[in-house]
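Asker: need a structure here:
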Amino acid sequence: MSPRYYIGTTILLGVLTFAISFWQKKQTGKEIFVVFLKVATAAAVIVGGVFAIAWLLAYLGVAQSGFFL
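Answerer: Predicted coordinates for the structure are as follows:
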């Protein structure tokens, strides 16, 4: 995978973290880190859900394997 995807994902997580921290008025490093963990966990759940649905559709024969790439 291209490094630009990793950089883009990192920037997206950082922007979301700081936007949510500003919105919730979090100021200390510990509070911002907790917000980051929640954002990263939510992103992982979403990506994992997409992969799980794609795998299930491929397993059931509805779609070809690797169609989500």
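
Asker: closest to the centroid, which residue in this protein?
Answerer: The residue lying closest to the centre of the chain (CA atoms, centre = their mean) is residue 43, at 2.2 Å.

Asker: for the residue of the chain most remote from its centre, give me its contacts.
Answerer: What lies farthest from the middle of the chain is residue 61; by CA atoms, centre = their mean that is 27.0 Å. Not one residue lies near residue 61 by CB atoms under 8 Å, 6 or more residues apart in numbering. Yep, even glycine has a C-beta here, placed from its N, CA and C like the rest.

Asker: who's in contact with the helix or strand containing residue 5?
Answerer: Per DSSP states H and E: residue 5 is located in helix 3-23. Contact partners of helix 3-23, identified using CB under 8 Å, 6+ apart, comprise 26, 31, 32, 35, 36, 39, 40, 43.

Asker: so the longest helix seen in the chain versus helix 3-23, what angle?
Answerer: Looking across the chain with DSSP state H, the single longest helix is helix 29-60. Orientation note: helix 29-60 sits at an angle of 130 degrees relative to helix 3-23 (axes from the mean of the first three to the mean of the last three CA atoms, to 10 degrees).
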